[in-house]
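sequence and predicted model, in that order:
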Amino acid sequence: MTSENATDKSVPEASVPSKTASESSVPDKTVPHKTVAESTTTVPESTVSESDFAEAQVDGSSVTQNGSALTETEANVEVKLADMQADPNNPLFSVKRFEDLQLSDELLRGIRSMNFQKPSKVQEKALPLLLSNPPANMIAQSQSGTGKTAAFSLNILTRVKLDLLAPQALVLAPSRELARQILGVIEQMGQFITGLKVIAAIPDPTRKGQRYEAHVLVGTPGTVQEQLRRRLIDARNIGILVLDEADNMLDQQGLGDQCTRVKQLLPKNIQTVLFSATFPPHVINYAKKFAPDANVLTLAHEELTVEGIKQFFIDTDQDNDKFATLLKFYGLMTQASSIIFVRTRKTAEMLESRMIAEGHQVAQLSGALEGPDRDRVIDQFRSGAAKVLITTNVLSRGIDVQSVTMVINYDVPTTADNRDADPETYLHRIGRTGRFGRVGVALTFVHDKNSWEQLHHIAEYFKTDITPIDTNDWDSVEELIQKVVKSSRAGKTTQEMNEVLNG
Ligand SMILES: Nc1ncnc2c1ncn2[C@@H]1O[C@H](COP(=O)(O)OP(=O)(O)OP(=O)(O)O)[C@@H](O)[C@H]1O
């Protein structure tokens, strides 16, 4: 089975017309910034005290950022987060505390162990709806890096009955890396629930013939379908189905069918929960059929970009110059961690070998690798042992590595036929940085009329600014990017950067 996006295939290099000089200069965009119409709630005083700042934030999948090049003190960083969480226009805003959300003492301890101070907007809004009885379906959308995993995991961990060692909740994710990450979060959050068992249902030859005896399963759709069919997963007690990255799971060729079949093999009337940062219009109707009568929390696409992610593009003269330009950024890429996204496995392999030939250290992950190799590469990246990761869309969604400060779109994200821009994938790719109020840089390479138009379409779609970078003024580029890389929280830093950008 394949647990990755259909676009992660080797496709022939597109033959694109070379642009004329006039086409290559990108007009200034005056696209307005988003306005968030939501929330008229009063702003609470920050309730975070200095003593709460003792530990850096940790989660089930990545360790603290202490090893990265970040320079701000933890206290400063947390004060900025508290400010953001007190701003009603911020997706991290909340009027409530986790203690107000009807969670067990064990879960509150789990949340504290992750150093979460206050819920985000999606956590505050989704949790009461998810936890109400009788259980209701939910479709929830929230910007990348705003804590959707915790929202659906807390619902699962509140509802599972420990005295029944049988799968009661099933989470499906589009890649093995994301499934493993979610499993890590559920385990960490549930670490004080004695006896809790969580298993990954991803391709694993060592599990041959073994039954999945756990309270919670997190898997990829193909493996779960197969194991249900073989009756190695006992579906009779499953009461919750979560689809993370739900729009992708329902819409992507192959994955959609697998998810539908899995659902057919589960009991009727279970709680179906769909989460994603994006729900394009053509998917939302299907999502509503998949999760009937759901509580729906959605956002307009103008509201989806994340304040802390500074978006730039570089116009290279032709495809060949892309590699030379990429090399210039290597120093900046290694200051913290970076991800380079390309369209095909072939390009990923080619870039890896060319960068290694230049004497640079890079790691590469695509669907062409076997499971254990994929695990090794992503684990090295999470631990900071590998700082630059070249990958395809297989890792565009959900992956949470807090130290990622740069995302490079070596290829503009396009639809499977490589004709049109793919705004959703763009948003997910750049969302690998700027997690939960952090700052990051997203840099997209354009090299001809087509790729420029595709990026322009993406900027228009999200009503966001993507700023051109002038590589002739390398010192300023470096200074600007250093500024972002060296700070870890948005807020004042974003303002400062905007001031630099606006001259
Ligand atoms: N209430 C909180 N306080 C502080 N940090 C939090 C909180 N909730 C989640 N986080 C952290 O925020 C980061 C992003 O969370 P998560 O991966 O769940 O985002 P997401 O909304 O699922 O993003 P994506 O759309 O990219 O999948 C994680 O490192 C997580 O530990």
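Ah, there it is. Residues are numbered from 1 along each chain as shown.

from now on I want contacts and neighbour counts done on CA atoms only, so please keep to that.
Will do.

show me what contacts residue 108?
98, 99 (Cα atoms under 8 Å, 6 or more residues apart in numbering).

next: residue 154.
103, 107, 127, 189.

what do you get for residue 219?
Counting by Cα under 8 Å, 6+ apart, residue 219 has contacts 170, 171, 172, 173, 176, 179, 180, 200, 201, 202.

keep only those of these that are in strands.
170, 171, 172, 200, 201 (DSSP state E).

would you turn those into CSV with neighbour count, pLDDT and distance to residue 416?
Shown next, in CSV, are these (neighbours: other Cα atoms under 10 Å; pLDDT from 0 to 100; distance: Cα to Cα, whole Å):
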residue, neighbour count, pLDDT, distance to residue 416
170, 25, 98, 29
171, 26, 98, 26
172, 29, 98, 22
200, 25, 98, 29
201, 26, 98, 27
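
between those residues, which sits nearest residue 215?
Taking Cα to Cα as the measure, residue 215 lies nearest residue 170 of the ones in strands among the contacts of residue 219, at 9.0 Å.

circling back to that earlier point, most neighbours, which of the contacts of residue 154?
Compared across the contacts of residue 154, residue 189 has the highest neighbour count, 25 neighbours, by other Cα atoms under 10 Å.

hang on, it packs against residue 105?
No - counting by Cα atoms under 8 Å, residue 189 stays clear of residue 105, with 11.6 Å between them.

how about the residues of the stretch 1-150 of the chain by the ligand?
For the stretch 1-150 of the chain, the residues in contact with the ligand (Cα under 6 Å from any ligand atom) are 59, 116-120, 143-150.

oh, that last question was meant for the chain, not what I typed.
Going by Cα under 6 Å from any ligand atom, the residues of the chain near the ligand are 59, 116-120, 143-150, 276-277, 397-398, 400, 402, 431, 435-436.

in helices, which of these appear?
148, 149, 150 (DSSP state H).

what about those residues, which one has the most neighbours?
residue 148 (23 neighbours).

low-confidence ranges, the stretch 251-400 of the chain, go.
319 (pLDDT under 70).

try it again with 80
317-320 (pLDDT under 80).

now do the stretch 401-503 of the chain
Ranges of the stretch 401-503 of the chain meeting pLDDT under 80: 471, 484-503.

just the closest residue of it to the ligand, please.
The nearest approach of the stretch 401-503 of the chain to the ligand comes at residue 436, 4.5 Å away (Cα to the nearest ligand atom).

now for that residue, how many residues are close by?
22.

likewise residue 254?
With other Cα under 10 Å as criterion, residue 254 counts 18.

distance of it relative to residue 301?
26 Å (Cα to Cα, to the nearest Å).

what of residue 250?
19 Å.

wait, is residue 408 part of a helix?
No - using DSSP: H, G, I helix; E, B strand; the rest coil, the secondary structure at residue 408 is strand, not a helix.

identify the bridge partners of it.
residue 340, residue 443 (DSSP bridges).

element containing residue 452, please.
For residue 452, the host element (DSSP states H and E) is helix 449-462.

buried residues in that helix?
Of the residues in helix 449-462, 449-460, 462 count as buried by neighbour count, 16 or more other Cα atoms under 10 Å.

after it comes which helix or strand?
Taking DSSP H and E, what comes next after helix 449-462 is strand 467-468.

who touches that following strand?
26, 311, 312, 313, 314, 315.

out of those, list just those in strands.
311, 312, 313, 314, 315.

now list the buried members of those residues.
311, 312, 313, 314, 315.

across the sheet, point out what pairs with the second one.
Beta-bridge partners for residue 312, by DSSP bridges, are residue 443, residue 467.

got the contact list for it?
Per Cα under 8 Å, 6+ apart, neighbours of residue 312: 441, 442, 443, 444, 466, 467, 468, 469.

from residue 489, how far out is it?
From residue 312 to residue 489 the distance is 19 Å (Cα to Cα).

cool, and the fourth one?
As defined by Cα to Cα, residue 314 lies at a distance of 25 Å from residue 489.

repeat for the first one
Going from residue 311 to residue 489 by Cα to Cα gives 16 Å.

pull the number of nearby residues for the nearest residue to residue 293 once chain neighbours are set aside.
Distances taken as Cα to Cα, 6 or more residues apart in numbering place residue 137 nearest to residue 293, at 6.6 Å, with adjacent residues excluded. As a burial measure, residue 137 scores 25 neighbours (other Cα under 10 Å).

please look at residue 137 and residue 287 and confirm they touch.
No - taking Cα under 8 Å as the definition, residue 137 is not a contact partner of residue 287, at 10.9 Å.

tell me which residues touch the closest residue to the ligand within the stretch 251-400 of the chain, please.
Closest to the ligand within the stretch 251-400 of the chain is residue 398: 3.3 Å, counting by Cα to the nearest ligand atom. By Cα under 8 Å, 6+ apart, the contact set of residue 398 is 144, 178, 245, 428, 432.

repeat that for 7 Å
Neighbour list for residue 398: residue 178 [criterion: Cα atoms under 7 Å, 6 or more residues apart in numbering].

that one and residue 143, how far apart?
11 Å.

and for the residue nearest to residue 151 when sequence neighbours are not counted, the neighbour number?
In space, and not counting its chain neighbours, residue 151 is closest to residue 123: 5.1 Å by Cα to Cα, 6+ apart. By other Cα under 10 Å, 25 other residues sit near residue 123.

does anything pack onto the strand or helix carrying residue 123? Which helices or strands?
Assigned by DSSP H and E, residue 123 belongs to helix 121-131. Packing contacts for helix 121-131, counted by 3 or more Cα pairs under 7 Å, 6 or more residues apart in numbering; DSSP states H and E, involve helix 148-159.

ok so, going back, tell me the contacts of the residue nearest to residue 151?
Neighbours of residue 123 in contact, by Cα under 7 Å, 6+ apart: 147, 148, 151.

need these in TSV with pLDDT, can you?
Below are the contacts of residue 123 laid out as TSV (pLDDT from 0 to 100):
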residue	pLDDT
147	97
148	97
151	97
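
can you tell me which of those is nearest residue 371?
residue 148 (25.7 Å).

CA atoms of stretch 153-172 as CSV?
Only the C-alpha atoms of stretch 153-172 are listed here, as CSV (Å, rounded to 0.1, in the frame of the first residue of the first chain):
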residue,chain,number,x,y,z
SER,A,153,-6.5,13.7,21.1
LEU,A,154,-8.1,15.1,24.3
ASN,A,155,-11.5,14.0,23.1
ILE,A,156,-10.2,10.5,22.5
LEU,A,157,-8.4,10.3,25.8
THR,A,158,-11.5,11.5,27.7
ARG,A,159,-13.7,8.9,26.1
VAL,A,160,-11.7,5.7,26.1
LYS,A,161,-12.5,3.1,28.7
LEU,A,162,-9.4,1.6,30.1
ASP,A,163,-10.9,-1.7,31.3
LEU,A,164,-11.6,-2.7,27.8
LEU,A,165,-8.4,-3.5,25.9
ALA,A,166,-9.8,-3.2,22.4
PRO,A,167,-9.6,-0.4,19.8
GLN,A,168,-12.1,2.3,20.8
ALA,A,169,-10.7,5.2,18.7
LEU,A,170,-9.1,5.2,15.3
VAL,A,171,-7.1,8.1,13.9
LEU,A,172,-6.2,8.1,10.2
